[in-house]
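Engineer: everything below, folded, please.
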Amino acid sequence: MNWYVDVLKKYAVFSGRARRQEYWMFFLFNVIISIVLAIVGRVIGFSALGLIYSLAVFLPGLGVAVRRLHDTGRSGWAILIAIIPLIGTIILIVWLASEGKPEQNQYGTNPKYSGAV
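Structural biologist: Presented below is the predicted three-dimensional model:
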């Protein structure tokens, strides 16, 4: 749960680097929460519950994705490759899942070895 809360604390931070674990745990918690909210929304008859949650976590999700790309040595603007249908999304997923650069890069020190999360 700390990975999720840490990303929310950095609500709109687009600088620095994010570990794979930080990104994917945030992604996993978002999927789980979205499923639960979809079920609850359907039961209580308020289907906009999931939409409200999605809007609330849009900036933190974008921020952690940009920081994750920074960890791999890419610019945050590389996230726009997802605009290309299918192929762009696949490339972005591969980039987000790839190992970060072990050395310091223009975006900061490696969070895996610096003790930062």
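Engineer: quick check: end-to-end length of stretch 42-54?
Structural biologist: Stretch 42-54 stretches 16 Å from its first residue to its last (C-alpha to C-alpha, to the nearest Å).
Engineer: who touches it?
Structural biologist: With contact meaning C-beta atoms under 8 Å, 6 or more residues apart in numbering, stretch 42-54 is reached by Ile33, Ser34, Leu37, Ala38, Val40, Gly41. For the C-beta atoms, the positions are set from N, CA and C on the backbone; glycine is no exception.
Engineer: how about stretch 24-33?
Structural biologist: Met1, Trp3, Tyr4, Val7, Tyr53, Val57, Pro60, Gly61, Val64, Leu96, Ala97.
Engineer: so what's the third one closest to, chain neighbours aside?
Structural biologist: Leaving aside its chain neighbours, Tyr4 sits nearest to Phe29 (4.3 Å; criterion: C-beta to C-beta, 6 or more residues apart in numbering).
Engineer: tell me where the protein has helices.
Structural biologist: Using DSSP state H, the helices assigned to the chain run over residues 2-9, 20-44, 49-56, 58-71, 87-97, 111-114.
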